[in-house]
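Asker: Below is the structure, and that's it, no one-letter string:
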């Protein structure tokens, strides 16, 4: 089955100004999803081209209430933001979000009308212990348990090995393909063959212009979620990874 190639740019806590965000957007030549810091979501969404979508980097699972500093899914929808990134390894490791919390956020985001870029991935210790598939399946199962098959049309999965994020290390193309194939096989059993065949599975973890073409050739790699490189001109090369 042919799946549309999908590239997301996660700006994280960068850049430091709206002007810098605008400059990056002007370099984008193909349809992508970009995730600027929360404070820039609305102004960026107003100036970006219509074929470029905007994502929040996180949201809470409550619609409203006494949750200082949080952003609700409903607020993102009201602001015209279509996507949210959930379960990023930095949220899991630095902010101690469990798979259950990520699943609850995913349910709330979908119910509010958002599309979700759902991040999963293992640490170096887990990979070296041969637990990559087990860890990814555990993170996915928490979401499977709170969703219906039709909900998965609103989810894009991003496999991001924690040991390859911001380290300069990158999974080999065969390692990425193996992990993505495992994810697809798990979803085939846990949800349905149709969902497994249709869902886009992105690779994230030190993706650069130098390694993106080889990764993009893998049959189960449907795109990228890019961190640091999304702040550089090479982001355009990554977007064009499948072009001849």
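Answerer: Arrived safely, thanks for sending. None of the values given here were measured: they were computed from a predicted structure.

Asker: Now do the buried residues in stretch 79-90.
Answerer: Counting neighbours by 16 or more other Cβ atoms under 10 Å, one finds that the buried residues in stretch 79-90 are 81, 83-90. No exception for glycine: its C-beta is placed from N, CA and C like everyone else's.

Asker: Also stretch 206-226?
Answerer: Neighbour-count burial for stretch 206-226 [16+ other Cβ under 10 Å]: 206-209, 211-212, 215-216, 218, 220-226.

Asker: from the buried residues of stretch 79-90, which two are the most distant?
Answerer: 81 and 89 (22.0 Å; Cβ to Cβ).

Asker: So the nearest residue in space to residue 170 that is not next to it in sequence: helix, strand or coil?
Answerer: With sequence-adjacent residues excluded and distances taken as Cβ to Cβ, 6 or more residues apart in numbering, residue 170 is closest to residue 206, at 4.4 Å. Per DSSP: H, G, I helix; E, B strand; the rest coil, the local secondary structure of residue 206 is coil.

Asker: Make 32 the first number, not 1, from now on.
Answerer: Got it, first residue is 32 now, which makes that one residue 237.

Asker: Kindly provide the distance from residue 237 to residue 128.
Answerer: Computed as Cβ to Cβ, to the nearest Å, the residue 237 to residue 128 distance reads 22 Å.

Asker: got it, and residue 209?
Answerer: 26 Å.

Asker: Those two: who's more crowded?
Answerer: Legend: neighbour count by other Cβ atoms under 10 Å for residue 209 and residue 128, higher for residue 128 (19 against 16).

Asker: if I pick the more buried one, what's in contact with it?
Answerer: 118, 122 (Cβ atoms under 8 Å, 6 or more residues apart in numbering).

Asker: what bits of the chain have low per-residue confidence?
Answerer: 32, 47, 50-60, 62, 275 (pLDDT under 70).

Asker: tell me the centre residue of it?
Answerer: residue 148 (3.9 Å; Cα atoms, centre = their mean).

Asker: end-to-end on stretch 234-247?
Answerer: 9 Å (Cα to Cα, to the nearest Å).

Asker: Check stretch 109-128 too.
Answerer: Stretch 109-128 stretches 25 Å from its first residue to its last (Cα to Cα).
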